[in-house]
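Chemist: How does the following fold in three dimensions:
(chains A and B)
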Amino acid sequence: AQKITQTQPGMFVQEKEAVTLDCTYDTSDPSYGLFWYKQPSSGEMIFLIYQGSYDQQNATEGRYSLNFQKARKSANLVISASQLGDSAMYFCAMRVLQGGSEKLVFGKGMKLTVNP
Amino acid sequence: EPEVTQTPSHQVTQMGQEVILRCVPISNHLYFYWYRQILGQKVEFLVSFYNNEISEKSEIFDDQFSVERPDGSNFTLKIRSTKLEDSAMYFCASRVWTGGATNEKLFFGSGTQLSVL
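Modeler: Have a look, this model is predicted:
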């Protein structure tokens, strides 16, 4: 079964430091995609980064990078130079394909708090 | 950047009442979705919609739920007779078909917080 696991319920980081948010996944499909979304206290879901299973290089989007280790089935998000505005819930998600349609399966999320 | 727009941002209703949650997906997008998030829990898939029909629906999406694309721009989720456990944040999402390209960004709206009393 397709599953996303985020084991860290919460993390604290000092402003300007880097932080890694863990995500492991389980799927038997050879083709899949992995996403990270940020959810601030206002509630909206903000796309951060995407990694396709066949992508040769780790995805990067500004201060966000994805440490994709396919053999370990992990897709950790690295935020460099944390900012106070990075404090939010972070969700890892996997695109799954079933019967010609597709959907995202989300992890439970983890709360990041950036301290000044 | 283009946005998925959802209205209303908050909806309060009495148990047993019908509610319609509205979404305007991004104009050139072809795939539409509803997800929900019960307070403190993870985001759950409800339904996907393509080419004017449901592509897939989850177990949550029972006969009380329906979706519609009444015109070229709106995408609605109707709950016929709301229950207390329907209280959640409902997210609409859309994406363009990229023909297998690697960028499969799924755009989410800001959500509608539904409270059933």
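
Chemist: Look up the residues forming beta bridges with residue 68.
Modeler: No chain specified, so I'll use chain A. Beta-bridge partners recorded for A:Phe68 (DSSP bridges): A:Ala75.

Chemist: should've been chain B
Modeler: B:Thr76.

Chemist: tell me the pLDDT at it?
Modeler: Per-residue pLDDT puts B:Glu68 at 93.

Chemist: ditto for B:Gly99
Modeler: With respect to pLDDT, B:Gly99 has a value of 56.

Chemist: now the strands for the chain?
Modeler: Chain wasn't specified; assuming chain A. In chain A, the strands defined using DSSP state E lie at A:3-5, A:10-14, A:19-21, A:24-26, A:33-39, A:46-52, A:60-61, A:64-69, A:74-79, A:88-98, A:101-106, A:110-115.

Chemist: Chain B, not that one
Modeler: Using DSSP E, strands in chain B cover B:5-7, B:10-13, B:19-24, B:31-37, B:43-50, B:53-57, B:65-68, B:75-79, B:88-95, B:107-108, B:112-116.

Chemist: Mind giving me the packing neighbours of the second one?
Modeler: Spelled out, that is strand B:10-13. If contacts are counted by 3 or more CB pairs under 8 Å, 6 or more residues apart in numbering or on different chains; DSSP states H and E, strand B:10-13 sits against strand B:19-24, strand B:112-116. Just so you know, the C-beta spots here come from the backbone N, C-alpha and C atoms, and that holds for glycine as well.

Chemist: thinking again about what came up before, distance to A:Val13 and mean neighbour count for the strands of chain B - can I get that in a markdown table?
Modeler: Formatted as a markdown table, the strands of chain B follow (distance: least, CB to CB, whole Å; neighbours: other CB atoms under 10 Å in any protein chain shown):
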| stretch | distance to A:Val13 | mean neighbour count |
| --- | --- | --- |
| strand B:5-7 | 31 | 18 |
| strand B:10-13 | 32 | 14 |
| strand B:19-24 | 35 | 19 |
| strand B:31-37 | 24 | 24 |
| strand B:43-50 | 24 | 22 |
| strand B:53-57 | 38 | 15 |
| strand B:65-68 | 40 | 16 |
| strand B:75-79 | 37 | 19 |
| strand B:88-95 | 26 | 24 |
| strand B:107-108 | 25 | 21 |
| strand B:112-116 | 29 | 19 |
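
Chemist: what is A:Met94 paired to in the beta sheet?
Modeler: Beta-bridge partners, per DSSP bridges, of A:Met94: A:Leu34, A:Val105.

Chemist: and it, what does it touch?
Modeler: Contacts of A:Met94 were listed using CB atoms under 8 Å, 6 or more residues apart in numbering or on different chains, and they are A:Gln2, A:Ile4, A:Tyr25, A:Thr27, A:Tyr32, A:Gly33, A:Leu34, A:Phe35, A:Leu104, A:Val105.
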